[in-house]
Structure formats: C-alpha cells, structure tokens
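Enquirer: Generate coordinates for the sequence data below:
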Amino acid sequence: MGVSVDLQESGGNGGSWSSFNFLTRRKRVDSADKHSDGQLAKALSVPHLIGIVAREHSGPALAFSFLIAGIASALSAFCYAELASRCPSAGSAYHYSYICVGEGVAWLIGWALILEYTISGAAVARGISPNMAALFGGPDSLPFFLGRQQIPGVDIVVDPCAAVLVFIITGLLCLGIKESTVAQGIVTSVNVCALVFVIVAGGYLGFKSGWVGYELPAGYFPFGVDGMLAGSATVFFAYIGFDAVASTAEEVKHPQRDLPLGIGASLFVCCALYMMVSVVVVGLVPYYAIDPDTPISSAFASHGMQWAAYIINVGAFTALCSSLLGGLLPQPRILMAMARDGLLPPFFSEISKRSQVPVKSTLATGLFAAFLAFFMDVSQLAGMVSVGTLLAFTTVAISILILRYIPPNEVPMPPSLQDSVDYVSLRCGWSSDETNEKDADANVGTSGKNEPLILKEDISIEYPLIPKQLVIGNYINEGNRRKVVGWIIASTCLGVFVLTYAASDLSLLSSVRYTLCGAGGILLLSGLVFLTCIDQDDARHNFGHSGGFICPFVPLLPILCILINCYLLISLGVATWARVSVWLVIGVVVYIFYGRTHSSLNDAVYVRASHVDKNCKTSKSKSCLLA
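Expert: Numbers count the residues shown, from 1 in each chain. Below is the predicted model:
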C-alpha cells in the first residue's frame, strides 16, 4: 500500500467554475470561537395545526399522525443530541452539515431553515388573532385596525394583529436571551396548565357523551393511510422545538450535559401533549365539524361548556405566543452563523454588546415574518415549514454516518500559513514508517485535491479499521477506505430515495414500482449490512467536544431516520414542493453570486488535524486556525 502525505492546494479555485470543489469544502468545529463580532451570552440551561390537519388529512387518526411525526422526530433527536454536544455552536443543522458534509449542502439547509423558521413564526402569528378575538367576545370583537380584513378586488385577507404580535415578540427577543427565556417560561407554564385542563375536562366530556367524534361510518381513517401520513408530514413542524434548542447551543452553559437533556425533554413533552389533546378534540366533535381556527374551544362549546372556552382560549393564546417566540428565536442565529462563514453579508453576524444577541438579524427576521403573517393564510404555510424541518433532520442523520465512519480529517488554515504547511508536510513525509502508519487513514482528503509528496513502499497494517476476517476486508484497505465508505453512504441514501419515491407514487405502473422498490431496497440493505460489518473510524473519538451524548444503534438508527424523513418529504405533495422549489432556486442564485465568492473558506489551506499544532508552532502565529 502506498503511503502519501496530504497537502490541500490553496482554495483559490473556490470562486472559479473550473472545479466544483467549493461545494464540498468543510469548516472546523469551533469556527465561531475565532470571530470578533461579539459572542452570544451563555445564559441557558435545562430547567393550530390540529383543526386543519384533522379536517383535511387525518380525521380521527390525528393522534396517529402526531405519533408518527413524533417517532420520526425522536430518531432525529438522537442524532441532534450527539452533534449538538460535539459541535456546540449556533446554526443547528446548518452548522453540522457544514462541518460533516460540505458547503453546498450546508447552504441549502441553512436557506431552507430560514424559510422554516420565518414561515413557522408567521403561521403561528396568523393563528393568534382568532383566539384573541374569542377572548373579547367573538370573531368581530377586535378593533378595526387589528381585525382581519379582505382587500377589495383580490382574494387576500390581511391580518394586522398577527403582524403587530410579531413585532412585539421581535422586540422582546432583542432585549436579550435571559429576558426571552423568562417570558417564554411564564407563557409556557400557563399553556401547560390549560392543556392539562383540556385533557382532564375533555376526557370527562368524552366518556359522558360517548366520544361522538369516533362514531363515523368511514371509520378511524376516512382519508386512508396516505392521508394519515400526509397529516404527519404537515404536523412535523410542531416538533421543531428541539431544533430550536440545538440552534441556541452557543448560549448554553454546559452544552455536553444540557443540550441532550433539553432536546429529549422538549420532544417527549410535545409529543405526549399533542397526542392527548388531539385524542380529546377529535373525540368530542366529528372531524368535519371542527373549526380550523379555534378547534379546542369550539369543541367544548358544542357540549355546552362555553365557560371553558375562556380558559382554553387563554391557554391557546399563551401557547401560540410561546410558539411564536420559539419560532423566531433560532433564525437570527442561523443567519448569524451563515454570515460568520461569509455566505451572507456581515450585517447579519453583528452581535449587540449590550444584549449579546444578534439584534440586526432578529429585526430582519421579524420584518420578514410580519410581512408573511400580514398577507398569507396559515393553511398555505404549514407544508412549506415541514419541508425545511425534514430536510434538516435528514441531513443531520447523514452527518452522523459521516462522523462515525469517515470523520473530517483536515482542518482549514489561513493561506498566509502556506509556507509552514509545506514545511511541516515535507517533514512528516520523511518521517518513520511508524508515523506513516499512524496517519495512513488520512490519505483521502475532503476536497479531492490532494497530491502525494512522497511514496513509501507497501507496508502492512497490523490493526486495520476493517477486520481482515471479513470478506469485504479483502477488497478495500486503508488507502481507499474513506472513498469506498463515502460512496456506500451515498448509495444508501440514493436507495432510500428510490424506495420511498416508488412506494409512494401510485401513478407509476406496477411493474415499474416493484422494480424501483427492489432496486432501492437492495441499495439500502447493502449499505446497512456493509456499514454494520465494518468498524467505525477511531478518529470519531477526537472529533469535536468529547464527553457528551452518543447516538445509539449506528448505522441502523440514522438510516431509519433518513428513510422515514424521506418518505414524509415525498408525502407533502406537488403543490408544496412547487412553492418550496421557488425559494430554493432563489437560494442557489444567492449562493452562486454571493456566498460562493465570499466564503471564509475561499482561500483556505487544508492540513491534517494531527499536523495543526506543528503548523502553528512553525508559523509562530497567534491565530493559526481559520475563523
């Protein structure tokens, strides 16, 4: 086996069309630590779709829709928990995919997350005004300047109240993370009390009335299993709470301990409450009679408990305010992370010295969300939010596979250190066979632009990552391991897509469907067996911050997560994808004409992680690593 020393060429081609290597360049774990724009305050610790989905997708099976979405979210939560504790910086899935996959995928995920959080905030704000109106006596009880109005001549209903609420929450977020957390804790406490009342009182009414909502000639699945799955895909954004927890990782005091606990607790509480409330609501009133704007209070009112509507409306109002605050909190941090990396203008990366939050990014987020809340209807927004959530969850699962089997083995350094990089690489190239054996697993670089400086004679490896007794061990070795495993992970993901697409597209001919399902299933199972049979890379133990949560059942759990998320993505429908595609195309244009040429990794020099300290000592520089 030939042993070579990797030396990444200068990234000057990052802005050139002669190569697409800029799509796969990756940043280091703690890149945020080197920025001088200010640091986020470390102050955190662990301490409406029901109506629409029940009427249009799930019917009495609404609880199953929440359960399926919750299971898929739980699988993603395991992956999030490990990455959040290893890479505790702002940006959540964008940050993880930039480190593990590459800049091109990271950009699309970050761009999708911008859409996700903006629309989720707008959708929630749009649902607040009917509950406020109910508190004051009815749909027309709000003042004229706050009530919903239809613009003459066009089919658009504006909602000034929703826009005003977005501005109020935006102002609260600008005050600081501590103030935001205190406010969210108060409204969440009120909301939980109201939900407990709904479950207890609604359960009593259901048993008293005989659960009339479930006595339907069409059964529990009036829209079929496909409708239930479509409902799961739609309600998926209800579980973005733990993604919001991950996005605030940079502000958590003890990320290795608190982030996994926060992610797990938020997911469990959300899933349990959503399921119990949906069981009660669809049991009290037939699904086709549910009011999509005020589903819970109208269900109690239909049983003569008008007084309960006030308690429920207060709880719904506080719940939506809490969701609005939680929806608008992560996006400024994602914008800040993308701006730090040069993919967006530096305007978004500035942090207020007084409040220690990205105020400018928060204001930009609030303005965009208020605009959408003012003009767009909530039913047009929900599916688009789920696309961003599912894409992020899928990429995080892929990142876990990459981290375990082919963790990034190169670190970006400033181009000014090129001379020291050449010197250290040359010295390492003339090192002993023992050193070459130690670094043999780094032969294949992340950029595909490595040039061997010195070739040694073939040497044997006493303890390979792939056991010799396995048959597959005879066909791959340390020199090509990273490349082979990378292609295996890619083919597994391709198999998942082919299988889920063929299984969900009923318009295909039966023969075509079965053929595609078979091909996709073979790719999927082959990849699972291969990854199960080989050892994970020992370098994973030194990747990022150690001592945090470790995702169990790898590779089975991440692959299952990818499979479920991909199926839910396809279940969202053509109309939703058509709207989202417009946003993604805009993102590609922005990246091509700005992000690609302004990336902080444009002129980076990549070296082996094991050589970083040597380069720093050789260069005698105080700031060796690329920010």
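Enquirer: What segments of the stretch 101-250 of the chain are helices?
Expert: 103-135, 160-175, 177-209, 224-235, 241-247 (DSSP state H, counting those that start in this stretch).
Enquirer: Quick check: which of the ones you listed is nearest to D505?
Expert: helix 224-235 (11.2 Å; Cβ to Cβ). In this view, the C-beta of every residue, glycine as well, is placed from N, C-alpha and C.
Enquirer: ok so, going back, can you put the helices of the stretch 101-250 of the chain in JSON lines and add mean neighbour count, mean pLDDT and distance to I564?
Expert: Output for the helices of the stretch 101-250 of the chain, formatted as JSON lines (neighbours: other Cβ atoms under 10 Å; pLDDT from 0 to 100; distance: least, Cβ to Cβ, whole Å):
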{"stretch": "helix 103-135", "mean neighbour count": "26", "mean pLDDT": "84", "distance to I564": "18"}
{"stretch": "helix 160-175", "mean neighbour count": "21", "mean pLDDT": "90", "distance to I564": "32"}
{"stretch": "helix 177-209", "mean neighbour count": "16", "mean pLDDT": "84", "distance to I564": "27"}
{"stretch": "helix 224-235", "mean neighbour count": "22", "mean pLDDT": "70", "distance to I564": "9"}
{"stretch": "helix 241-247", "mean neighbour count": "26", "mean pLDDT": "66", "distance to I564": "16"}
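Enquirer: now for those helices, which one comes closest to M413?
Expert: When those are compared by Cβ to Cβ, helix 103-135 sits nearest M413, at 16.5 Å.
Enquirer: How far off centre is that closest one?
Expert: 13 Å (Cα atoms, centre = their mean, to the nearest Å).
Enquirer: Now do it against helix 160-175, angle only.
Expert: Interaxial angle of helix 103-135 relative to helix 160-175 (axes from the mean of the first three to the mean of the last three Cα atoms, to 10 degrees): 120 degrees.
Enquirer: Now do helix 103-135: which elements does it pack against?
Expert: Here helix 103-135 touches helix 93-100, helix 160-175, helix 306-328, helix 330-340, helix 359-375, helix 382-405, helix 574-590, going by 3 or more Cβ pairs under 8 Å, 6 or more residues apart in numbering; DSSP states H and E.
Enquirer: One more pass at 6 Å, please.
Expert: Counting contacts by 3 or more Cβ pairs under 6 Å, 6 or more residues apart in numbering; DSSP states H and E, helix 103-135 packs against helix 93-100, helix 160-175, helix 306-328, helix 330-340, helix 359-375, helix 382-405.
Enquirer: thinking again about what came up before, next, format the helices of the stretch 101-250 of the chain as a markdown table and append distance to A299.
Expert: Conversion of the helices of the stretch 101-250 of the chain to a markdown table gives the following (distance: least, Cβ to Cβ, whole Å):
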| stretch | distance to A299 |
| --- | --- |
| helix 103-135 | 13 |
| helix 160-175 | 23 |
| helix 177-209 | 7 |
| helix 224-235 | 18 |
| helix 241-247 | 25 |
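Enquirer: how near is L175 to T181?
Expert: Using Cβ to Cβ, to the nearest Å, L175 is found at 11 Å from T181.
Enquirer: again, but for G137
Expert: G137 sits 33 Å away from T181, going by Cβ to Cβ.
Enquirer: what's the answer for F393, then?
Expert: F393 sits at a distance of 25 Å from T181 (criterion: Cβ to Cβ).
Enquirer: so where do the helices sit in the stretch 451-600 of the chain?
Expert: 481-504, 510-533, 556-570, 574-590, 596-598.
Enquirer: Give me the contacts around the second one.
Expert: Contact partners of helix 510-533, identified using Cβ atoms under 6 Å, 6 or more residues apart in numbering, comprise L470, I488, S491, T492, G495, V496, V498, L499, A502, A503, P555, I559.
Enquirer: Which residues in it does the neighbour count mark as buried?
Expert: Using 16 or more other Cβ atoms under 10 Å as the test for burial, helix 510-533 gives R513, L516, C517, G520, G521, L523, L524, G527, L528, F530, L531.
Enquirer: Tell me which two of those residues sit farthest apart.
Expert: So, the buried residues of helix 510-533 by Cβ to Cβ: farthest apart are R513 and L531, at 26.9 Å.
Enquirer: So in the chain, where's the weakest helix or strand by average pLDDT?
Expert: Here the helix or strand of the chain ranked lowest by mean pLDDT, DSSP states H and E is helix 433-438, holding a mean of 42.
Enquirer: who's in contact with the most centrally placed residue in the chain?
Expert: Among the residues of the chain, the one closest to the centroid is A392, at 3.3 Å (Cα atoms, centre = their mean). Contacts for A392 (Cβ under 6 Å, 6+ apart) come out as A93, I109, L113.
Enquirer: so who does V166 touch?
Expert: Residues near V166 by Cβ under 6 Å, 6+ apart: A125, G366, A369, A370, A373.
Enquirer: so can I have JSON lines of these showing distance to D341?
Expert: Shown next, in JSON lines, are those (distance: Cβ to Cβ, whole Å):
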{"residue": "A125", "distance to D341": "30"}
{"residue": "G366", "distance to D341": "23"}
{"residue": "A369", "distance to D341": "23"}
{"residue": "A370", "distance to D341": "27"}
{"residue": "A373", "distance to D341": "29"}
